[in-house]
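A.B. asks: Got a predicted model here, sequence first, then my questions.
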Amino acid sequence: MTEEQLAFDIEAMLHESAVEAAPEWSGAPLAFTTAYWTPPNLEAAHEHWQFLHKLDQSRTQSRMWHRAIAVPGRVAVGDHGFDLFTADLRCEPWTHGEAHGGCQCVGDLIYQAICEPDGWHVIASDENSAVEGWHDHAFPGWRELPIVPARLRSVDQPGLSKAAKKWIAEHYPPPMQVIGAPVITERSSGGTRHVPGRSPWAGYDIAHTAVERDRRISQRRSNAVPREPTRPPTTSLGPALGA
Ligand SMILES: [Zn+2]
Ligand SMILES: [Zn+2]
């Protein structure tokens, strides 16, 4: 027996007794769930699953909710809270020996936005839709905000340019210029992700595609005042998996 093997066996024995000594789990389910659980409950369940399967090489994927990379912790917005979780329901063909299509896998990364003070959550099939759903909850009316024209974007710095901030201060309704409030910016087709923390009030910079899916940026550089945007009827969330 090699020293490495011995070390591993001892670790496995210690882990086994730690698992046996742990009190019976009574928190959130140790599997995917569409039920409402608070962010601390979801985190505790995910941690417990990782503890139970620490040495299990065959199960590295829990399919459980965990925090999305874009939003590493709770953001307080007025009386609301914003937490963003993700669950990996992507197809794992090696677990069932047939190509995705013949299997029952949901086949996607899905997202959940939570407002803990209100016990509210939304589950959506993509990150943008979850973020939009949360804004419907915390900032009703946000879909009517003016779209910041792309021509005000700064070429050499990320985020909002001075000109864009000035435009926003002049065009956005004062009640929507509050901590955590979003802005909507016109984007090119390659950059339609909603970006947290980039509004002048540390709220989301939401891509215009959330409210005007078919709008195309005109190639012509123009300093003319943009036409008032026309809006299609409010779009609903992507296929919700539960609420
Ligand atoms: Zn809320
Ligand atoms: Zn599958």
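C.D. replies: Good, I have the coordinates. As the structure is a computational prediction, the values presented were derived from the model and not from experiment. Ligands and ions are numbered 1, 2, ... in the order given.
A.B. asks: use CA for all of it now, contacts and neighbours both
C.D. replies: Noted.
A.B. asks: How about the residues of the protein by ligand 1?
C.D. replies: 80, 115, 118 (CA under 5 Å from the ion).
A.B. asks: with the residues you listed in mind, which one is nearest to ligand 2?
C.D. replies: residue 115 (31.5 Å; CA to the ion).
A.B. asks: Isn't the closest one up against residue 77?
C.D. replies: No - the pair residue 115 / residue 77 is not scored as a contact, 9.6 Å apart, by CA atoms under 8 Å.
A.B. asks: Name the residue in those two with the higher neighbour count.
C.D. replies: Counted by other CA atoms under 10 Å, residue 115 and residue 77 do not tie: residue 115 has more neighbours, with 24 against 17.
A.B. asks: what's that one sitting at in phi/psi?
C.D. replies: Here is the backbone geometry of residue 115 (degrees, to the nearest 10): phi -110, psi 100.
A.B. asks: Contact partners for it?
C.D. replies: By CA atoms under 8 Å, 6 or more residues apart in numbering, the contact set of residue 115 is 80-83, 121, 134.
A.B. asks: just those now: which is nearest ligand 1?
C.D. replies: Nearest member of those to ligand 1, counting by CA to the ion, is residue 80, at 4.0 Å.
A.B. asks: for the closest one, phi and psi?
C.D. replies: Torsion angles, degrees, to the nearest 10, at residue 80: phi -100, psi 160.
A.B. asks: Quick one, grab the pLDDT at it.
C.D. replies: Residue 80 carries a pLDDT value of 97.
A.B. asks: cool, and residue 243?
C.D. replies: According to the model, residue 243 scores 38 on pLDDT.
A.B. asks: Let the chain start at 6 from now.
C.D. replies: Right, with 6 as the first residue, what we last looked at is residue 248.
A.B. asks: Perfect, I'm done here.
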